[in-house]
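>>> take a look and give me a structure for this.
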Amino acid sequence: MSVSQVQPKFVEFIPEHLEVGALYISRRYSTASHLCCCGCGLEVVTPLNSAKWRLTEAAGTVSLAPSIGNWSFPCKSHYWITGNHVRWARAISPQMIAAVKARDRFDAFELGRLRAGRVRAIAQHTLGVWNKAKGLIKSWLRR
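Have a look, this model is predicted:
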């Protein structure tokens, strides 16, 4: 039986057994999970980050973007969760699924590249601060 509405449940850890119609959200682990809204019973995991899904909250409701396309599930369900409501989307061709998966891989790669660049920049800044402090200490000790 398909689900037309989800109930957000904010948790630290996603439970082992999920309830039908519940959308479990772990802010700590930036993840949301629910049972597929088509009723097939498979678990849908949505990583919450800029390369995957965004969670928005408004007036006690939640929305996930972009749509949830369960391309690897036998049901191939495709829907949006907007304001706790499930909005069904049209089926997508195998070619379009391949294009979406390619875009997802690219987005994940770019996110990793950006994060690596930030880590590198922080390390360089820290090294610069340390070298400056070391120079100041040496000059102070020479006095």
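>>> leaving out chain neighbours, which residue sits closest to K52?
T46 (6.6 Å; Cβ to Cβ, 6 or more residues apart in numbering). For every residue, glycine as well, the C-beta is placed using N, CA and C.
>>> sorry, slip of the keys, the one I care about is R90.
H78 (7.1 Å).
>>> any chance of the backbone angles for the one you found?
phi -150, psi 120 (degrees, to the nearest 10).
>>> next one: F106
Residue torsions, per degrees, to the nearest 10, at F106 are phi -60, psi -50.
>>> walk me through which strands the strand or helix carrying the residue nearest to K52 pairs with, and which way each runs.
Assigned by DSSP states H and E, T46 belongs to strand 43-47. Sheet pairing of strand 43-47 (DSSP bridges) gives strand 31-35 (antiparallel).
>>> which residues touch the residue positioned nearest the centre of the chain?
With distances taken as Cα atoms, centre = their mean, L48 lies nearest the centre of the chain, 1.8 Å away. Going by Cβ atoms under 8 Å, 6 or more residues apart in numbering, L48 touches 25, 30-32, 54-55.
>>> list only buried entries from these.
Burial by neighbour count, 16 or more other Cβ atoms under 10 Å: within the contacts of L48 this picks out 25, 31-32, 55.
>>> how far away is E57 from F10?
10 Å (Cβ to Cβ, to the nearest Å).
>>> correction: Y24
Y24 sits 8 Å away from F10, taking Cβ to Cβ as the criterion.
>>> the two: who's more crowded?
The neighbour count for Y24 versus F10, taken as other Cβ atoms under 10 Å, is higher for Y24 (22 against 13).
>>> need the buried ones among the contacts of L48 in a markdown table (columns: distance to W88 and pLDDT).
As requested, these are arranged in a markdown table below (distance: Cβ to Cβ, whole Å; pLDDT from 0 to 100):
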| residue | distance to W88 | pLDDT |
| --- | --- | --- |
| I25 | 22 | 97 |
| T31 | 24 | 96 |
| A32 | 19 | 97 |
| L55 | 20 | 96 |
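>>> just flag the most distant two among those.
Pairwise distances across these peak at 9.8 Å for T31 and L55 (criterion: Cβ to Cβ).
>>> before we move on, which element is A98 in?
Using DSSP H and E, A98 falls in helix 94-142.
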